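Engineer: sequence first, predicted model second:
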Number of protein chains: 4
Amino acid sequence: MNPPASAPQRHFASDNFAGICPAAWAAMEAANADHAPAYGEDRWTAEATQLIRDIFETDCDVFFLFTGTSANSLAVAATCAPFESALCSEHAHLIVDECNATGFFTHGVALEPLQTVHGKVAYQEVERAARLRTDIHHSRARLISITQSTELGTLYSVEEVAAIGSAADQLNLRFHMDGARFANAVAALGVPPRAITWEAGIDVLSFGGAKNGLACGEALVFFDRHLARDFAYRRKQSGQLASKMRFLAAPWIGLLHDEVWLRNARHANTMAADLEHGLRSLPGVEIAHPREANAVFAKLPAKITAGLHERGWQFYADFGPASAARLMCSWDTRREDVAAFLSDAAEVAK
Amino acid sequence: MNPPASAPQRHFASDNFAGICPAAWAAMEAANADHAPAYGEDRWTAEATQLIRDIFETDCDVFFLFTGTSANSLAVAATCAPFESALCSEHAHLIVDECNATGFFTHGVALEPLQTVHGKVAYQEVERAARLRTDIHHSRARLISITQSTELGTLYSVEEVAAIGSAADQLNLRFHMDGARFANAVAALGVPPRAITWEAGIDVLSFGGAKNGLACGEALVFFDRHLARDFAYRRKQSGQLASKMRFLAAPWIGLLHDEVWLRNARHANTMAADLEHGLRSLPGVEIAHPREANAVFAKLPAKITAGLHERGWQFYADFGPASAARLMCSWDTRREDVAAFLSDAAEVAK
Amino acid sequence: MNPPASAPQRHFASDNFAGICPAAWAAMEAANADHAPAYGEDRWTAEATQLIRDIFETDCDVFFLFTGTSANSLAVAATCAPFESALCSEHAHLIVDECNATGFFTHGVALEPLQTVHGKVAYQEVERAARLRTDIHHSRARLISITQSTELGTLYSVEEVAAIGSAADQLNLRFHMDGARFANAVAALGVPPRAITWEAGIDVLSFGGAKNGLACGEALVFFDRHLARDFAYRRKQSGQLASKMRFLAAPWIGLLHDEVWLRNARHANTMAADLEHGLRSLPGVEIAHPREANAVFAKLPAKITAGLHERGWQFYADFGPASAARLMCSWDTRREDVAAFLSDAAEVAK
Amino acid sequence: MNPPASAPQRHFASDNFAGICPAAWAAMEAANADHAPAYGEDRWTAEATQLIRDIFETDCDVFFLFTGTSANSLAVAATCAPFESALCSEHAHLIVDECNATGFFTHGVALEPLQTVHGKVAYQEVERAARLRTDIHHSRARLISITQSTELGTLYSVEEVAAIGSAADQLNLRFHMDGARFANAVAALGVPPRAITWEAGIDVLSFGGAKNGLACGEALVFFDRHLARDFAYRRKQSGQLASKMRFLAAPWIGLLHDEVWLRNARHANTMAADLEHGLRSLPGVEIAHPREANAVFAKLPAKITAGLHERGWQFYADFGPASAARLMCSWDTRREDVAAFLSDAAEVAK
């Protein structure tokens, strides 16, 4: 699956095809000296934690984890008992692409799929689903999880998040945000991070790093610190405690200083806008979902899809409810990559 | 817990206090260019896998994971049903230091502690324990797990491993090796890796990287490939599948080329030998377990322990069944670190 | 919730509102003498097991369990790994009314809901769902479970079961039947039990007893005996092993001798037919699903529902996808109960 | 394994070899009329619950379950998180005879074995074990479970239970009592049930019915009602919710009225005392543990053991740490059974 030398070197398959961004790399390098206490007792972990608190302007609890799947699953485990359920979009990564890690990490929490418009759940749907069953023969709704930006590349506005947060409050639900692409959302919305998290009722956030320029790693951020009380044990027991934690934490320092995380995200978003713009001018191409962050979903004529694949471009051709091509931009997508892709698309379209 | 500037910069607390070794670093750097397919479809993962096969001289299946705890736990999950048990040393990391991750990953596999001599299980003890209960009211023995080198710094000889392997065979037990410090064992024994693994009956090995110079990461190596058949799903569901796998795999390339892994381990072992030698000359110091790899267990007079801690040296003072000081050497322990430690010990002993 | 003395003494809420049938009672009484070996080593368990083998005309393995939920869940646990999924009707008891016991007993098996016509899954839908995802990011389909008779009171014909069995075979799926009302299905179809089970590809059957006249208890019947190999351990570990097994097994002897089980079921089916017949003559009543076993699903005018409830009749008024009244008949439903219910319905309808 | 007609009809293998006592039978029979609401909404369940509250003289929460293994396991699940541990005697049924149901029901709670004297844990041992490890790398102690009467037939005095309760309080441990033979303990101690339960700090009790004359069934009694808040869901999800609950609850009514439960237990205890008395007079017989309830543990000469087995007497010949014969008496053990056993023992001893 590795491209030949003459093939494209940047793809649109996923933002996890990209490498480590320079700032993260430099921070990791700086941390690689001498000995440091293990398991998070080092100074880089402390600093990265503080930077996250600064960004959210609140005293949240922060745990660095290896993967988004584990971050999401442990967020559910920290909020739900085995006989409870988590509500989420029917297109949520949680339900669609995690091989039921939720069930594995929680010992029986059920995922209840909610209907969406372009991947976004409306608060009314949350209310409907939470009230559907309240007897002991069915898992009790305890959590609503939304993804920001969504799996279909769309965004919840501050008001939309807050409306769900308010509903959650009334329904006695916890509120989780899968922020695998949280940076892209903040960059696109242009709001302070707090506005779409704890101010809007979010209890716990999976703050994604891998898709934003890290080698790996997500930060699980508890705004409701009560939920975090025993989380250090959960992280250990689930195999997510890094012994040399500094190498998981330090790259976050590189990302969070000087708003590198937002610059990376803004760049990816811009590339997606350019890509969408170009695609719209091609005959027979239809944009399937509003392009609001770093993803473009486009229904491509079969000829274009086949032609691009032939020329070595890697992307998912048939993704989500619209069976559209999914084109992800990342921090390292270059203008020339977009241009080359569009040019190839135009050529094969003929 | 970070040392002041004037304090020692290398400690003996754990081999996971050390950083990333140059070869691993360089390999990671080389992998950080352009885009690469995610989830292990990249060429570095393929190369690292092949290098491990070369080292073991067999067509094993290899899965890169984030932590030793998850490697061990998933090895048990891949070999035991929930109603079965895994036998291991009463001092095994599995039973003592993993917060019952085994139970979490396996949904009910019991750990049965075996008595040891200096952390080593004898095959007769395996036989005794496996035969103790065979009725449905007690978990059925299905796995024997040994640690090489052991948690108490000792080594199983080729013959000792093979004797357990032979017993396992007759008892219908699977055989796992926790090789968090496998490199140190191979370096110390001076035998080919195959001799203490698949040739001796090992079905699956947790091949440790973090303590040998990586930022993080263990390779789970299945010599019985039948056990690995569905393991890709297990890795995904348990949150151990790296999206940017190349950064987990590439450092292994650095480690495995030119026997860096063995040189790192040999150096650590030598430092431990020097340290033991020096400690033996101090009054009142007693070596608690045979020093055979990179750990020295020493009963130190209270005055020495306190004095060394005061001077900033970090190490566990009361570890294991002998309540001894545990002094771990790593790939980056310098001769001058050992000398400084011994000199400080001699001074505070006065 | 207990009815006053003047209220109806038989209800249509559920077939589990009924008591223990005389034959089951007598068999239990006969078993209550002297001492008997525990945990199923008694002669009643052996006899009940043999009777089930006789009825199915094959050497199946049989395990007596306490509840239908545990029978279904353990059937899934015996056939699926945690990273696999079980396909079933979106109205299946498994997915709708077991509080995700599946997830609890299996440590992460996902339930994939299939669309149905009147609660029945077509083999084409099984094929579609099983082929939807085959990558490691999504639970792998491993089991298809159907309910006979269905939760909506309908029946699979021999051909329909066999068509699913054949599809399952080609898709490498195991095939489970939730037979909470298996007796009603056999009685209604008038076929030998083997025809809708192992001859049609069923690997494992939850053979319901509680709804057919027992105090409690289901028999898990493995036609693929390989799946049953370690099941005795599973039953023990999941808290489903009766110490005084004779009292769980002996009532089955009463049920299975002289076709009591079929007579009980046939009677319930007949009562349902009578009930349906009577309801059809009432103004504004609409039968929601074909009445094929012992359940009548009827859309009742609000006035009728309210009036019947007022007169003390207990039944679910708003059940399933049609939001219909569910009226279950049981082995002890009397002609006069049906008549009284219909007469009351006619009166309150005025 | 069923005895021939001429063989003994009462054995000493286990108190679960006995049948259903007349009072329990009569109560079950009385409940078998007409229809009753399912899942515990019936009047017998309410009455049995109230009787248990009366006996304990407190407003406890009561849940009827099918087996002792599930009662114990669900008690642990209701009190411990997966990363916590339950302390118990190394001879506890929980750790020795439940096939690690604890791990299965709790998703990873570890059982920490405590040393005992004749099966009894001292509060000092609880303190030692609870304080041993408090770091995140080891399961955190959260529960102490004791068995009353113990697996070795001994009894905790009121003071001994209270001392553990007091220690538990200081150590932030929950306190569970496995009362599979609670009736025998109360009968032997001659104290009100409250004195050895909630007054002594017990939070939750597995109140055994099967060994006291029921067909099956244990009552899980929560004195700390906060722990019971969501327990109805746990019972459902774990397959322990009886649909026809009246048949699980009604027999308790028979048992609890007129102190039948205590009379049954007292009789069993008396039979054990007689048996012990007789055994002591035989040459070479040694009583292994103090006989305090309904069990006699006796080291029998091999000749006696073999001879008794030959004559058809069923009992475990090699049980527990003393490798003694375990002889259990039950509610239906007759004086002539004891006499016949002793007479046979005397004869074969010659």
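Structural biologist: All right, it came through fine.

Engineer: and chain B, is the helix or strand where residue A:184 lies touching that?
Structural biologist: Under the criterion of DSSP states H and E, residue A:184 resides in helix A:182-189. No: shown here: helix A:182-189 not in contact with chain B (CB under 8 Å from any CB of the partner chain), separated by at least 15.6 Å. C-beta: built from backbone N, CA, C; applies to glycine.

Engineer: domain ranges for chain A?
Structural biologist: Domain ranges of chain A: A:15-19+A:260-349, A:22-258, per automatic domain parsing.

Engineer: I'd like these as CSV, with mean pLDDT and distance to residue C:270 appended.
Structural biologist: Putting the domains of chain A into CSV (pLDDT from 0 to 100; distance: least, CB to CB, whole Å) gives the following:
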stretch, mean pLDDT, distance to residue C:270
domain A:15-19+A:260-349, 97, 47
domain A:22-258, 98, 29
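
Engineer: immediately after the helix holding residue A:184, which helix or strand?
Structural biologist: Beyond helix A:182-189 on the C-terminal side, the first helix or strand identified by DSSP H and E is strand A:204-208.

Engineer: list the buried ones in that next one?
Structural biologist: A:204-208 (16 or more other CB atoms under 10 Å in any protein chain shown).

Engineer: could these go into JSON lines alongside distance to residue D:330?
Structural biologist: Compiled in JSON lines, the buried residues of strand A:204-208 are given as follows (distance: CB to CB, whole Å):
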{"residue": "A:204", "distance to residue D:330": "53"}
{"residue": "A:205", "distance to residue D:330": "59"}
{"residue": "A:206", "distance to residue D:330": "56"}
{"residue": "A:207", "distance to residue D:330": "61"}
{"residue": "A:208", "distance to residue D:330": "62"}
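
Engineer: with distance to chain D added, can I get those in JSON lines?
Structural biologist: Below are the buried residues of strand A:204-208 laid out as JSON lines (distance: CB to the nearest CB, whole Å):
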{"residue": "A:204", "distance to chain D": "17"}
{"residue": "A:205", "distance to chain D": "22"}
{"residue": "A:206", "distance to chain D": "20"}
{"residue": "A:207", "distance to chain D": "22"}
{"residue": "A:208", "distance to chain D": "25"}
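
Engineer: find the nearest non-adjacent residue to the residue in the stretch 151-300 of chain A that chain C sits nearest to, please.
Structural biologist: In the stretch 151-300 of chain A, the residue that lies nearest chain C is residue A:151 (12.3 Å; CB to the nearest CB). Leaving aside its sequence neighbours, residue A:151 sits nearest to residue A:91 (CB to CB, 6 or more residues apart in numbering or on different chains; 5.0 Å).

Engineer: backbone phi and psi for the residue in the stretch 101-250 of chain A that chain B sits nearest to, please?
Structural biologist: For the stretch 101-250 of chain A and chain B, the shortest gap (CB to the nearest CB) falls at residue A:239, measuring 3.0 Å. Main-chain torsions, residue A:239, degrees, to the nearest 10: phi 70, psi 20.

Engineer: distance of the residue in the stretch 201-350 of chain A positioned nearest to chain D from residue A:164?
Structural biologist: Taking CB to the nearest CB, chain D has its nearest neighbour within the stretch 201-350 of chain A at residue A:233, 3.8 Å off. Look at residue A:233 and residue A:164: by CB to CB, to the nearest Å, they are 30 Å apart.

Engineer: for those two, work out which one has more neighbours and name it.
Structural biologist: Applying other CB atoms under 10 Å in any protein chain shown to residue A:233 and residue A:164 shows that residue A:164 carries more neighbours, namely 28 against 21.

Engineer: identify the residues contacting the nearest residue to the more buried one once chain neighbours are set aside.
Structural biologist: Distances taken as CB to CB, 6+ apart put residue A:123 closest to residue A:164, at 4.6 Å, once the chain neighbours are dropped. By CB atoms under 8 Å, 6 or more residues apart in numbering or on different chains, residue A:123 lies in contact with A:160, A:163-164, A:166-167.

Engineer: and what of residue A:147?
Structural biologist: Contacts of residue A:147 by CB under 8 Å, 6+ apart are A:88-89, A:92-94, A:119, A:177-180.
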